[in-house]
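Visitor: sharing a sequence plus its predicted fold:
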Amino acid sequence: MKRVTSRSELSAVLAEGSGDGPRGFVPTMGALHAGHRELISRASIECGRVVVSAFVNPTQFDDATDLASYPREPEADAKLAQAAGCDVFWTPAVEDLYPDGLEADVRVTDDLTSVLCGAEEGRGPDHFAGVTTVVSRLFDAVRPDIAYFGEKDAQQLAVIRRMTTDQQLPIEIRGIPTVRDPDGLALSSRNLRLDARSREQALAIPRALREASEMAMSGERSTDSLTRHVRHLLIENGIEPEYVEARDPDDLAPVAEMNGRPVLLAVAATVGEVRLIDNVILEGRS
Ligand code: AMP
């Protein structure tokens, strides 16, 4: 595995030859865990060469304390990435991606970015402008054929798919199912900041989503009943959710009734000091 920092080093390594098959890319913010490992392993099975980036993107944080306290572990990350099959590990500096200052200038429609995590009471619509800006710059530097994203960040996946279509990029976006701890908690770099009590409390989130999924499979058609059930279980466990919503996984439009198509049931909640998100795709009965 080669480790590179500047954009020019990356270009030089990529120009050396790409091996057989497509170039795969896994963008991350570092503090890698088994969820990231799954994305990298999938890329290494499906691609000739795999690039992984680790960059804590300042333009997607609305809170300076959150940005400052985001875990940074480049040495451990490089080891995990290499073991999972990464060929090129890129840790850009801020100036490599933002040579003209920290401005987010790539956006997709508000319909996708001002709801759920993009709502004012969440992270605000600028959050996804930060995400699309950095991913578009990372894509421009890496020029992948296939890019891998986690379904855990379902809204991000929908936003990146839209950006790729809007810009007519020749990149296939592959979503990878959420990797969970054995007790059900979705893996996240932020879990490192949960103390034992909060972690236990946080388990109510995957439990509630599982129950809702079972209700849908047993024939519950009203998404209002499903979201109310989730909300109730969370509150019962001392968690005040930021949102619990049922939406179309592609255009994120609200869905009132199970309609035979997959429905995204998404949750955000702050537990202890840590903001967590999770979701499940409801299949329902047609
Ligand atoms: P992050 O470093 O949190 O920005 O995540 C980098 C990529 O890993 C994103 O595409 C995430 O959706 C994905 N990811 C994060 N956590 C998980 C998980 N538990 N399972 C699968 N993918 C994940």
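Guide: Okay, I see it.

Visitor: list the residues that contact residue 155.
Guide: When contacts are counted by Cβ atoms under 8 Å, 6 or more residues apart in numbering, residue 155 touches 112, 115, 116, 117, 118, 128, 252, 266. (Glycine included, C-beta is placed from N, CA and C.)

Visitor: per-residue pLDDT, it?
Guide: We have a pLDDT of 98 for residue 155.

Visitor: that one - that's part of a helix, no?
Guide: Yes - assigned with DSSP: H, G, I helix; E, B strand; the rest coil, residue 155 falls within a helix.

Visitor: what is the neighbour count of residue 59?
Guide: 21 (other Cβ atoms under 10 Å).

Visitor: same question, residue 198
Guide: 18.

Visitor: pretty sure residue 266 sits in a strand.
Guide: Yes - under three-state DSSP, residue 266 sits within a strand.

Visitor: list the helices and strands the helix ranked longest in the chain packs on?
Guide: The helix that spans the most residues within the chain, counting by DSSP state H, is helix 126-142. Applying 3 or more Cβ pairs under 8 Å, 6 or more residues apart in numbering; DSSP states H and E, we find helix 126-142 packed against helix 7-15, strand 23-28, strand 49-54, helix 94-97, helix 110-113, helix 154-166.

Visitor: give me the residues contacting the helix or strand following the second one.
Guide: Tracing the chain C-terminally past strand 23-28 and defining elements by DSSP states H and E, one meets helix 34-46 next. Where contact means Cβ under 8 Å, 6+ apart, the residues beyond helix 34-46 that reach it are 21-22, 24-26, 28, 50, 52, 80-81, 83-87, 146, 148-150, 152, 174, 176, 178-179, 186-188.

Visitor: can you narrow the contacts of residue 155 down to the ones near the ligand?
Guide: With the criterion set as Cβ under 6 Å from any ligand atom, no member of the contacts of residue 155 is near the ligand.

Visitor: of the residues you listed, which is the most crowded?
Guide: Neighbour max across these (other Cβ under 10 Å) = residue 128, 29 neighbours.

Visitor: quick one: residues contacting that residue.
Guide: So residue 128 contacts 60, 107, 108, 112, 113, 117, 118, 155, 156, 159 (Cβ under 8 Å, 6+ apart).

Visitor: which among the residues you listed gets closest to residue 98?
Guide: Within the contacts of residue 128, the smallest distance to residue 98 is 12.0 Å, found for residue 60 (Cβ to Cβ).

Visitor: how close does the closest one get to residue 106?
Guide: To residue 106, residue 60 is 12 Å away according to Cβ to Cβ, to the nearest Å.

Visitor: so between those two, which is more surrounded?
Guide: Of the pair residue 60 and residue 106, residue 60 is the one with more neighbours under other Cβ under 10 Å, namely 21 against 17.

Visitor: the closest residue to the ligand within the stretch 51-200 of the chain: neighbouring residues, count only.
Guide: Taking Cβ to the nearest ligand atom as the measure, the stretch 51-200 of the chain has residue 150 as its residue closest to the ligand, at 2.3 Å. Residue neighbour count, defined by other Cβ under 10 Å, stands at 22 for residue 150.

Visitor: hang on, it packs against residue 157?
Guide: Yes - the pair residue 150 / residue 157 is scored as a contact, 7.4 Å apart, by Cβ atoms under 8 Å.

Visitor: between these two, what contacts are shared?
Guide: Shared contacts of residue 150 and residue 157 (Cβ under 8 Å, 6+ apart): residue 175.

Visitor: still on that earlier bit, now the longest helix of the chain: buried residues?
Guide: The neighbour-count check on helix 126-142 (16 or more other Cβ atoms under 10 Å) flags 126-139, 141-142 as buried.

Visitor: next: stretch 63-77.
Guide: Residues 70, 71, 77 are the ones in stretch 63-77 that count as buried (16+ other Cβ under 10 Å).

Visitor: likewise for stretch 224-235?
Guide: The neighbour-count check on stretch 224-235 (16+ other Cβ under 10 Å) flags 226, 227, 229, 230, 231, 233, 234 as buried.

Visitor: and for stretch 246-257?
Guide: So, applying 16+ other Cβ under 10 Å, buried residues of stretch 246-257: 246, 247, 249, 252, 255.

Visitor: got it, and stretch 31-50?
Guide: 31-33, 35-44, 46-47, 49-50.
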